[in-house]
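# Let's see this in three dimensions:
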Amino acid sequence: MSEVRCVFLTGSDQSPVLASLVGDGTAVAALILPWRSRNEARLAPVIGAAERLGIEVLRPRRAELAAALRRIAPDLLVSYGYPYLVAADALRIPAHAINVHPSLLPRYRGPNVEWHIIASGDVESGVTVHLMDEGMDTGPIVYRQPIALSPFETIRSYARKVEDAVPVALRAAIRLLGTPGFAPVPQDEAHATRFPRFRTPDDSRIDPTRPLLELFHQIKACDPERFPAFFEYEGERVGVKLFRLNRPAGAGDEI
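Sure, this is the predicted structure:
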């Protein structure tokens with residue numbers, strides 16, 4: 001797809017992805033953010049990046065999204081971290097509407113799936129770019145970028161690997177959408193797994209009666225700052241944190 005005119009939808013600081021789209025030659029006509037956010041500070045960097053790049057910033061209500069897209073008339077809609085499902089009338093406006101998801105679909109559909117991936121002890125995950133439909137992460141797959149996972153992976157190290165993989169996956173997906181005869185692959189529902197709710201602090205509760213090695217992946221999937229692993233003893237919550245005694249150089253943000 002040459003000279004693609006697109007809109008970018010997100011609900012978090014995805015300024016590196018925005019910069020990558022522009023750097024790859026995609027004409028980003030607008031950055032679309034949620035009308036309201038519980039954490040406005042996290043949107044400030046991506047808003048600042050858009051303003052520096054001369055990109056219009058829009059914050060329509062959900063019911064106003066289709067009207068905003070009709071005015072812009074983009075060829076492509078790119079969504080990454082947008083907190084709402086996009087309605088069918090809005091999806092019909094661009095030639096292609098794609099979403100970036102931080103797993104190898106059809107496994108791990110839903111929001112905040114990263115901690116489920118780490119807690120499962122998977123040795124591989126990845127990034128999927130798929131066509132958007134009215135479901136949650138259910139559209140046909142355009143491109144998948146695998147990511148190898150370490151036994152000592154954490155939420156932060158996984159997020160870093162995803163951040164590195166997203167521009168690569170988007171670049172490949174946009175190129176494929178412009179290739180004559182290319183057909184996205186429908187997802188295999190027989191292999192789909194779904195995690196439709198957002199993470200809560202209580203998801204970090206561990207059962208202290210279980211062997212430690214059985215709890216290893218669950219504990220390292222808990223963010224020590226936002227969602228620390230814990231158990232209850234004498235009416236108090238006791239936190240649990242993992243670390244390696246001989247952590248090698250270059251381990252980054254793994255445990």
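
# from here on, contacts and neighbour counts on C-alpha atoms
OK.

# Could you list the domains of this structure?
5-191, 201-240 (automatic domain parsing).

# In CSV, list these along with distance to G252, mean neighbour count and mean pLDDT.
As requested, these are arranged in CSV below (distance: least, CA to CA, whole Å; neighbours: other CA atoms under 10 Å; pLDDT from 0 to 100):
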stretch, distance to G252, mean neighbour count, mean pLDDT
domain 5-191, 7, 18, 96
domain 201-240, 14, 15, 96
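
# Of those, which is nearest I255?
Counting by CA to CA, I255 lies closest to domain 5-191 out of these; the figure is 5.6 Å.

# hang on, L77 packs against V7?
Yes. With contact defined as CA atoms under 8 Å, L77 and V7 form a contacting pair (5.1 Å).

# Okay, and R226 sits in which element?
Taking DSSP states H and E as the definition, one finds R226 inside no helix or strand.

# Nearest spatial neighbour of it, chain-adjacent residues omitted?
The shortest distance from R226 to any non-neighbouring residue, by CA to CA, 6 or more residues apart in numbering, is to P201 (7.9 Å).

# Could you tell me how far the one you found is located from D223?
Distance, P201 to D223, by CA to CA, to the nearest Å: 10 Å.

# can you pull out the helices in this protein?
15-23, 44-52, 65-72, 88-91, 114-119, 155-177, 212-220 (DSSP state H).

# and the third one, what other elements does it pack with?
If contacts are counted by 3 or more CA pairs under 8 Å, 6 or more residues apart in numbering; DSSP states H and E, helix 65-72 sits against helix 88-91.

# Same check on the longest one?
With contacts defined as 3+ CA pairs under 8 Å, 6+ apart, the packing partners of helix 155-177 are helix 15-23, helix 114-119, strand 124-131, strand 141-148.

# for these, which one sits closest to R52?
helix 15-23 (10.4 Å).

# Was I right to think P94 contacts I72?
No. Between P94 and I72 there is no contact under CA under 8 Å: 9.7 Å.

# Check the gap between the closest residue in space to A87 that isn't next to it in sequence and L91 for me.
In space, and not counting its chain neighbours, A87 is closest to E134: 6.3 Å by CA to CA, 6+ apart. For E134, the distance to L91 equals 9 Å [CA to CA].

# what's the answer for P167, then?
Taking CA to CA, one finds P167 at 22 Å from L91.

# How about A30?
Remark: distance between A30 and L91 (CA to CA) = 16 Å.

# do the same with P248
P248 is 47 Å from L91, by CA to CA.

# Test my guess that R237 contacts P208.
No. Applying CA under 8 Å, one finds R237 not in contact with P208, separated by 11.7 Å.

# what's the overlap in contacts for the two?
F231 (CA atoms under 8 Å, 6 or more residues apart in numbering).

# now do the same end-to-end measure for stretch 38-55.
23 Å.

# Stretch 175-182 now?
10 Å.
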